[in-house]
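**Q** how would this look folded up:
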Amino acid sequence: MLRKFIENRWSPALPRWKGSGISILAKDQIRPIVFQGLSDSQSKIRSLCAQIVSTIANADWPDEWPDLLNTLIGLLSSDSPPSVHGAMQVLAELIKTDLTEDQILPVLRQLLPILLNVLGAIEHPQAVKEAAATVIPPWLDAFKYLLELDPRQDVENRPNWDGIALRIQIYKALDAVHAPFARVLQPYINNFLASSLNHLLLLFPTFVHFYVLAQEPIPTPSENEPTELSQLFSSIMDLISVLTRGGKGKEWLNGDNTKALLIAVLNWIQITQDEEEEWAGNANAFVANEAEDSFAFSLRVAGLDMLGALVDGFRPIAMAALQRSIQEVTSLSDQARSIGNPDWWRLLEAMLTALGSQAESVLEWIDDEVDSGRPNPIDIQALLTNVIPNLLGLSDCPFLQGRAFVFASQFTKVLPTQLAGEYLHATVQVLEASEANVPIKVSAVRAVHNFCKEIDGQLLVSVAPRIAKAVGPFLSVTSDDTLSLVLEALSVIVEIDDGKWMTTDLADSLVGAVLDVWMRNNKDPLFISVLTEILDSLASSSAPDVYETVVRRALPALSNAITASTEKEHWITGAAIDLASSLARGAPETGLGEGFVGLLSPGLFLALRTIEDRDVIQNGILCLTLIIRKDFGQLQSWTDPTTGQAGLDSVLAVIAKQMRSQDESGGLAMGDMIIHLFRKAGEAVVPILPDLLQAMLGRMISAKTATFIQSLVIPFAFLLHNQRDTVLSLLESISVDSRSGLDILIQTWCENEETFQGFWAQRISTLALSSLYASGRPSLQSIVVKGDLIIKPETQNVIMTRSKTKTAGRVLVPTEFTSLPFPVKAVKMLLSELQSGGEAASKRLGRMSDLESDDGDSDWAEDEPEGSQMKPGGLRDDEFAVLSEYLTPGGLPFDFDDALEPPDDEDLKNDPVCQIDLRDHLLAFFRECAAHNINDFSAIVEQLSAEEIVVIREVVNS
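**A** Sure, this is the predicted structure:
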């Protein structure tokens, strides 16, 4: 009650203040009474008083309680353990919450000598007798001494393990100071590593007794907070991890120490009795502990993290130690098994777990060593051939049996084909066995997941139906982490050989299970993402009647969910549309199938008319785009029974709504839909084209984000590429706010072309620009656009980044640009495209943009390569070299950059635009312009920069 009273009534500075505070006189009387409680013999009273003193100090110290620190130091200097404990609790809270960085160091200088005396007064006065010349070294000396003391005295024949609390805190302190005081810590590292290994070795018998075998309950601590060996082990692992990741301790790790450390860690990460009992009946707990990105705390997680750090920091040393550890653990397990030890399997299972956790690093190391002509450093194949097969049938040791399957799947790359097939069939048999328990079933699912990603495709095809049939039923009986594992495995299984082996019955059952999972988890985006992939794969199967079966089973339920859900349940609508899109994505070339549009479209268009959620809008536009791509004829012949609108009119209504909206998150999705509408609609779109283009031009004036601007410009580029003169005439006739449509388009296009994303979009923009220049249209000659950045003295030697040019809308570095006729700007852009060699827009040199970003601004600037020399005209050596490779006959393909892969969209991938050799096209364009002086090309070249003129001459003369 007193604590609550203090929190509510003491001071307005406290977060739970409720008014009606107490007088200053009353405060002066309360403080010493509560402070006296810090010395109480009962720990609960001390702790409560410490909390109250800390709360008061938060409001009063130092102004209204200036002597608090001195009185706490007085308690620390006393001979009373309760007083020392109470003062320490308050000091810990003060340092954590109330002291600034400037205040901490003076306070520590005053406190540390006293705290060192406290450490010495506990039991070991000789450890802290040295005078402290600086702050940290005396502490490290004390830590070194205390850790070198036998830790068994803190746990053997004791009613509690309070003694190891100090050791835990020492390791935490070392972990905290290693980075800021690395040089000071360096001379002590070998000692601390040796002490750490000594702790693991000496305390292991106690760990086995209380944890691994659980022969006695763990002693209850005298204080409220638990003090266990698991905490000490975790703290030791944390320290070793940070040291080895930083490349520290190499001298100590050489020789036998690393192998001894690995064996010790394997001993400590054995499955304990409690874990065995929990995991045997709780699949989620087992899967969570096994996950590579597990956030669950356990001895195993801490140990494996340390092993990963050791492999990263000292790979050759760690790999040699792993090989020796394999041999020793295998031998020890065989010996234990031969004498009838029922726990023989635990250490072997721990070793396989540890080795499997580093499978990627081990396989890379083996490849590197063998490729270098050195012998295989780790004999994994011997394990896979001689040890693992004998473990696959050990049903009385389910954790070791399951681990054997997972281990084999982790090293599939080095499995001989015949042995891989045997492992795969054994795994399938376990999945099909009704009597197998939780650990082995879960392990088999994990193994199948790994096998399907690495094993030979022909081996998988023969058992794929059996695997899918065995895994499918797990969907209805699992949840959380286990369900996630099953879904991930199933998503890989159904992709085997593109699902050619799928049957209608199996597809029907899997779709039903997928829908059931979605209904139970319709708010989980991770589950929905995997479910979408599974439906996509099922619908894409080329097996007879499978697509029709999948659509018949899934589409009615999804359509009903879209129609029935409301604005308050927008997540259901968005997910259902996403799942329905996966069906359309998998549709064959013949179309979506009869009735698809009629069943889905009423709910889809209703959602796009009434729901303002971003995910619903984006998913809806993507789904509508797929319908247009896959079966525009069916959409065109459909009429909305709710509005009476024809299918095409319904699409145009969606576009019009997005044009009116100030939310530009639809961005590229809407642009893609418009492109495909133009591609598929043909003559059907001609009557409404003027109104549509006028609406797009009107919105172009106020558009802000790069993706939304691209969605408005690229459709024009597509139309101009295909019907240049007709579209130019139409643009010249359109007027928006007293500006011609052509002027709006050209200005927007030229200012934002550098931000365009996507393989097809960048290509169509380049092709359309070259066509516009070649047209010689008089209306284009008179358009003046933004040119190059004007370099001023204050910005001459400054790399311009967005953060420097603007912050929160306020211009920090004023920027000005030249003005250029459109033909000159067009040549500059096309020349830059040739120079960039197909680089992504974000990598182009010397560009600036004032556009807002969909996902926030980020600094943009390119570093000059070291040692690069400038050619006449401003070109560097490396730029000249790349340019020469482009211009030489048979040179680099224009789109060689890995970032510019063809689009996933099959329609665009097969579009002639994607097949054109853009390098040849641009080279031919410039040479043709020069040869025939198209659009007064020679005069335009004179308006280019010196660098650009050099490039033009190189192009024309090559």
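
**Q** quick check: domain ranges of this structure?
**A** 597-683, 687-795+811-845+874-957 (the TED database).

**Q** Tell me which helix or strand in this protein has the weakest average pLDDT.
**A** When the helices and strands of the chain are scored by mean pLDDT, DSSP states H and E, helix 802-805 comes last with a mean of 44.

**Q** ok, back up a step: quick one, which of the domains of the chain is packed in tightest?
**A** Greatest average neighbour count among the domains of the chain goes to domain 597-683 (a mean of 19), per mean count of other Cβ atoms under 10 Å. C-betas here are computed from N, CA, C, even on glycine.

**Q** so how far is that one from its chain's centroid?
**A** Relative to the centre of its chain, domain 597-683 is centred 32 Å away, using Cα atoms, centre = their mean, to the nearest Å.

**Q** Low-confidence regions, the stretch 51-200 of the chain specifically.
**A** The stretch 51-200 of the chain contains residues with pLDDT under 70 at 95-135, 180.

**Q** how about the helices in it?
**A** Using DSSP state H, counting those that start in this stretch, the helices of the stretch 51-200 of the chain run over 68-76, 81-97, 101-122, 136-148, 164-177, 182-185, 189-207.

**Q** Which among these is found nearest to Gly620?
**A** With respect to Gly620, and counting by Cβ to Cβ, the nearest of the helices of the stretch 51-200 of the chain is helix 81-97 at 49.1 Å.

**Q** For the closest one, output the C-alpha coordinates as PDB.
**A** C-alpha atoms of helix 81-97 as PDB (Å, rounded to 0.1, in the frame of the first residue of the first chain):
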ATOM      1  CA  PRO A  81      25.000  -8.100   4.400                       C
ATOM      2  CA  PRO A  82      21.300  -7.100   4.500                       C
ATOM      3  CA  SER A  83      22.300  -3.400   4.300                       C
ATOM      4  CA  VAL A  84      24.700  -4.100   1.400                       C
ATOM      5  CA  HIS A  85      22.000  -6.000  -0.500                       C
ATOM      6  CA  GLY A  86      19.400  -3.200   0.000                       C
ATOM      7  CA  ALA A  87      21.800  -0.500  -1.100                       C
ATOM      8  CA  MET A  88      22.900  -2.500  -4.100                       C
ATOM      9  CA  GLN A  89      19.300  -2.800  -5.300                       C
ATOM     10  CA  VAL A  90      18.800   0.900  -5.100                       C
ATOM     11  CA  LEU A  91      22.100   1.700  -6.800                       C
ATOM     12  CA  ALA A  92      21.400  -0.700  -9.600                       C
ATOM     13  CA  GLU A  93      18.100   1.100 -10.300                       C
ATOM     14  CA  LEU A  94      19.600   4.500 -10.000                       C
ATOM     15  CA  ILE A  95      22.400   3.800 -12.500                       C
ATOM     16  CA  LYS A  96      19.900   2.200 -14.900                       C
ATOM     17  CA  THR A  97      17.300   4.900 -14.900                       C
END
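
**Q** Give me the contact list for it.
**A** 37-41, 43, 46-47, 49-51, 53-54, 57-58, 61, 72-73, 75-76, 78, 104, 107, 111, 118 (Cβ atoms under 8 Å, 6 or more residues apart in numbering).

**Q** Stretch 676-685 now?
**A** Thr625, Ile628, Arg629, Phe632, Gln636, Leu648, Val651, Leu692, Pro715, Phe718, Leu719, Asp907.

**Q** mean confidence score for that stretch?
**A** In this model, stretch 676-685 has a mean pLDDT of 87.

**Q** From the chain's centroid, how far away is that stretch?
**A** With Cα atoms, centre = their mean, you get 39 Å for stretch 676-685.

**Q** Quick check: end-to-end length of that stretch?
**A** Stretch 676-685 stretches 11 Å from its first residue to its last (Cα to Cα, to the nearest Å).

**Q** cool, and stretch 640-648?
**A** End to end - Cα to Cα - stretch 640-648 spans 10 Å.

**Q** Likewise for stretch 159-168?
**A** 18 Å.

**Q** next one: stretch 695-710
**A** Start-to-end, stretch 695-710 (Cα to Cα) is 15 Å.

**Q** What lies in contact with it?
**A** Contacts of stretch 695-710 (Cβ under 8 Å, 6+ apart): 655-656, 659, 664, 666-668, 670-671, 674, 712-713, 715-716, 731, 734, 736-737, 739, 741, 744-745, 748, 752, 755-757, 761, 849, 851-854.

**Q** And Ala320, what's its pLDDT?
**A** pLDDT, read off for Ala320, is 93.

**Q** Can you say which helix or strand has it in it?
**A** helix 315-338 (DSSP states H and E).

**Q** Next secondary structure element downstream of that helix?
**A** Past helix 315-338, the next helix or strand by DSSP H and E is helix 345-357.

**Q** got the helices of the stretch 51-200 of the chain as JSON lines, with distance to Ala264 and mean neighbour count columns?
**A** What follows is the helices of the stretch 51-200 of the chain, written out as JSON lines (distance: least, Cβ to Cβ, whole Å; neighbours: other Cβ atoms under 10 Å):
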{"stretch": "helix 68-76", "distance to Ala264": "37", "mean neighbour count": "17"}
{"stretch": "helix 81-97", "distance to Ala264": "32", "mean neighbour count": "18"}
{"stretch": "helix 101-122", "distance to Ala264": "27", "mean neighbour count": "14"}
{"stretch": "helix 136-148", "distance to Ala264": "16", "mean neighbour count": "19"}
{"stretch": "helix 164-177", "distance to Ala264": "15", "mean neighbour count": "19"}
{"stretch": "helix 182-185", "distance to Ala264": "22", "mean neighbour count": "14"}
{"stretch": "helix 189-207", "distance to Ala264": "4", "mean neighbour count": "19"}
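
**Q** Minimum distance to Asp367: which of the ones you listed has it?
**A** helix 189-207 (30.4 Å).

**Q** tell me what that closest one is packed against?
**A** helix 136-148, helix 164-177, helix 229-245, helix 250-253, helix 257-268 (3 or more Cβ pairs under 8 Å, 6 or more residues apart in numbering; DSSP states H and E).

**Q** Can you give the distance of it from its chain's centre?
**A** Distance, centroid of helix 189-207 to centroid of chain: 36 Å (Cα atoms, centre = their mean).

**Q** mind showing which ranges of the stretch 501-650 of the chain have poor pLDDT?
**A** 566-567.

**Q** now with 90?
**A** Within the stretch 501-650 of the chain, the segments meeting pLDDT under 90 span 522-526, 563-571, 589, 610-615, 642.

**Q** the strands in it, which residues?
**A** With DSSP state E, counting those that start in this stretch, there are no strands along the stretch 501-650 of the chain.

**Q** Quick check: Glu533 vs Cys929, distance?
**A** 48 Å (Cβ to Cβ, to the nearest Å).

**Q** what's the answer for Lys909, then?
**A** 30 Å.

**Q** Same check on Pro375?
**A** The value you get for Pro375 to Cys929, if Cβ to Cβ is used, is 63 Å.

**Q** Repeat that for Glu360.
**A** 53 Å.

**Q** Pull out the buried positions in stretch 546-555.
**A** Val546, Tyr547, Thr549, Val550, Val551, Arg553, Ala554, Leu555 (16 or more other Cβ atoms under 10 Å).
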